[in-house]
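[1] requesting a structural model of the entry that follows:
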Amino acid sequence: MKQTLSILAGKLTFAIGRHFSNCSSLPGKIALDINKDVLKNIKKENNKIIFITGTNGKTSTTFYSYNAIKSYEKNVVTNLSGANMLQGVLTEILKNTSSNTFKDKICVFEVDELTVPLLIKNGLLPDYIVITNLFDDQVDRYGSKEILAKTLRESIEQTNATVILNYENRTLRIISDDLKNKCVFFGVEGKSKDIILKDGLEYKYINYADVGLFRNVGDSEFKDLRNYILKYEENKDICEIIENGKSINCNISNKEKFDIIYNKYNYLASFTLFKTLVNDGVVNYKDNKDILSFMMSLEVGNGRMEKFTFLNEDTKLNLVKNPVGLELSLKEYAKENTTFDLLLALGNTPADGTDLSWIKTVDFKSFMENSKVDKFFITGKAVNILKSLLEDYVKENNLNIYFIEKSAIKESLTKKTLFLAGFSELKEIRDFIKG
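    Numbers count the residues shown, from 1 in each chain. Predicted coordinates:
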């Protein structure tokens, strides 16, 4: 009786709530409040369950993967709203559950890293897990990236899932080395220079942060187990993917997005998942459509280098939540060839991570010196915390960085402005830009 009541309550909540919001998590929350074992007790039959997780890129990778799969298969379920915790995933399952049975679906779920073990514990066993990368992020929740990797590995070992992961992210080796599960590796070929020594490893190249092809100091060769390799040349309209030794040429349908290095990894992760599903007979890929080019043609939106017009000027909004993501965003904004202001809005809610000390590791000075930024405004619910962390650094380096309350945003922005925002600030900043 409790199981039936919890499912009906979740479904009713969605039926009513969707008229007022996207209602992406509340149905699941209410169902769990009634019966904490509701997900565990739902019968799951003939589904293919895909988890897409990682520090950065999981929303985009989920979006590209879902749309590619949906082009060829029916009954594809996803949580594109970004509700990637237990209650969000459960909401999507409840919407598609009939008579306590969830069946015949291909599920492409974006999953928060710490929610992966929780879903597995609750009986939602993945057939495929895509891990984009692991960096230090929300250390108050996750601990270090190494601790998180060990936690994920322990959960993955309880499943028979095929694991698709970035071979060039060193932290992911904690998961993949000697793992009993089948692993499919992907990576983006970088430009080889002299050997780079970083954090006790030798790199053939580094594409960003610590992501690149590496070996232990003293090893004679760079071990390369990548099944899917993206190769490209600057100013070319075609890129190449090497699939288990076979070359596939793909048109670059959106060069602006493709030129962003982390997008290359997101596209390749999505492509690798798609082709793995095809090879396993899950997706009936019945034509020779350039699937990578199709992915590039899609617009993720939702604060992922999202384009707007503000003060009659083109602008962008990008989500940031950790030092790697912020550094990469600043690198992209530094490519602007006209003068601009920049607004960064951060909060310190549980969704953001309450520990914002990572902000001190970001090289704002280099960005200010090597871009056409004029004024850099920092705001948000955590502005006073950010000011206490950065004020001395700003003064020592004589940087045009200003800490402002949110009430002062409108009067402070008078010319072309680019935007960055954390989770809890994203919607408000997005609404502000749209006017």
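[2] surely G187 is within a helix?
    No - according to DSSP: H, G, I helix; E, B strand; the rest coil, the state of G187 is strand, so it is not within a helix.
[3] tell me the pLDDT of it.
    On the pLDDT scale, G187 is placed at 98.
[4] neighbours around it, how many?
    25 (other Cβ atoms under 10 Å). Yep, even glycine has a C-beta here, placed from its N, CA and C like the rest.
[5] so who does it touch?
    The contact partners of G187, by Cβ atoms under 8 Å, 6 or more residues apart in numbering, come to N166, Y167, E168, L213, R226, Y228, I229, L230, L268.
[6] check the gap between the nearest residue to the first one once chain neighbours are set aside and L179 for me.
    Counting by Cβ to Cβ, 6 or more residues apart in numbering, the nearest residue to N166 once its immediate chain neighbours are dropped is N133, at 5.4 Å. The gap separating N133 from L179 is 17 Å, by Cβ to Cβ, to the nearest Å.
[7] and the two? Which one has more around it.
    N133 (27 against 15).
[8] just for the stretch 51-200 of the chain, where's the confidence low?
    Along the stretch 51-200 of the chain, the parts satisfying pLDDT under 70 run over 139-140.
[9] so where do the strands sit in it?
    76-78, 101-103, 106-110, 128-131, 162-166, 183-188, 196-198 (DSSP state E, counting those that start in this stretch).
[10] just put those in a markdown table and tack on distance to S329.
    Shown next, in a markdown table, are the strands of the stretch 51-200 of the chain (distance: least, Cβ to Cβ, whole Å):
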| stretch | distance to S329 |
| --- | --- |
| strand 76-78 | 25 |
| strand 101-103 | 38 |
| strand 106-110 | 20 |
| strand 128-131 | 22 |
| strand 162-166 | 19 |
| strand 183-188 | 18 |
| strand 196-198 | 22 |
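[11] with respect to L317, which of those strands lies nearest?
    Closest approach to L317 among the strands of the stretch 51-200 of the chain (Cβ to Cβ): strand 106-110, 19.4 Å.
[12] not counting the closest one itself, show me its contacts.
    47-53, 58-59, 62, 65-66, 69, 73, 75-80, 82, 84, 89, 92-93, 282-283.
[13] can you do 6 Å?
    48-52, 58-59, 62, 65-66, 73, 76-79, 84, 89 (Cβ atoms under 6 Å, 6 or more residues apart in numbering).
[14] give me the ChimeraX select line for these, limited to the buried ones.
    In ChimeraX, this line selects whichever of the contacts of strand 106-110 come out buried by 16 or more other Cβ atoms under 10 Å:
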select :48,49,50,51,52,58,59,62,65,66,73,76,77,78,79,84,89
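[15] follow-up on the earlier one: of the contacts of G187, closest to L344?
    The closest of those, once distances to L344 are taken by Cβ to Cβ, is N166, at 26.9 Å.
[16] looking at the strands of the stretch 51-200 of the chain, which is closest to L328?
    strand 183-188 (13.7 Å).
[17] quick one, what contacts the residue positioned nearest the centre of the chain?
    Centroid-nearest residue in the chain: G57, 2.2 Å away (criterion: Cα atoms, centre = their mean). Contact analysis of G57 by Cβ under 6 Å, 6+ apart lists T132, N266.
[18] ok, 10 Å please
    Contacts of G57 were listed using Cβ atoms under 10 Å, 6 or more residues apart in numbering, and they are 64, 130-133, 166, 262-263, 265-267, 269-270, 304, 325.
[19] what score does I229 have for pLDDT?
    pLDDT, I229: 98.
[20] got it, and E234?
    With respect to pLDDT, E234 has a value of 87.
[21] do I have it right that K193 meets I206?
    Yes - taking Cβ atoms under 10 Å as the definition, K193 is a contact partner of I206 at 9.4 Å.
[22] and the two? Which one has more around it.
    Under the criterion of other Cβ under 10 Å, the comparison of K193 against I206 puts I206 first, with 17 against 10.
[23] just give the nearest non-adjacent residue to the more buried one, would you?
    Using Cβ to Cβ, 6+ apart, the closest residue to I206 is G212 (3.8 Å).
[24] quick one: residues contacting that neighbour.
    Counting by Cβ under 10 Å, 6+ apart, G212 has contacts 168-170, 187-190, 192, 196, 198, 201, 203-206, 222.
[25] out of these, the closest to G353 would be?
    Of all the contacts of G212, G353 sits closest to N169, with 19.9 Å by Cβ to Cβ.
[26] okay, the angle between the longest helix anywhere in the chain and strand 162-166?
    When the chain is parsed with DSSP state H, its longest helix is helix 261-279. Here the directions of helix 261-279 and strand 162-166 differ by 160 degrees (axes from the mean of the first three to the mean of the last three Cα atoms, to 10 degrees).
[27] in helix 261-279, which residues are buried?
    Applying 16+ other Cβ under 10 Å to helix 261-279 flags 261-278 as buried.
[28] just checking, N35 touches S6?
    Yes - assessed by Cβ under 10 Å, N35 is found in contact with S6 at 3.9 Å.
[29] ok, those two, which is more surrounded?
    S6 (25 against 19).
[30] quick check, that one in a strand?
    No - S6 is assigned helix when assessed by three-state DSSP, not a strand.
[31] which ones are touching it?
    Taking Cβ under 10 Å, 6+ apart as the test, what S6 contacts is 28, 30-39, 41-42, 90, 94.
[32] can you say which of the residues you listed are buried?
    G28, I30, A31, L32, I34, N35, V38, L39, I42, L90, L94.
[33] adding secondary structure and distance to F364 as columns, could you present the residues you listed in a markdown table?
    A markdown table is the format used below for those (DSSP: H, G, I helix; E, B strand; the rest coil; distance: Cβ to Cβ, whole Å):
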| residue | secondary structure | distance to F364 |
| --- | --- | --- |
| G28 | helix | 39 |
| I30 | helix | 43 |
| A31 | helix | 45 |
| L32 | helix | 42 |
| I34 | helix | 48 |
| N35 | coil | 49 |
| V38 | helix | 46 |
| L39 | helix | 43 |
| I42 | coil | 48 |
| L90 | helix | 40 |
| L94 | helix | 44 |
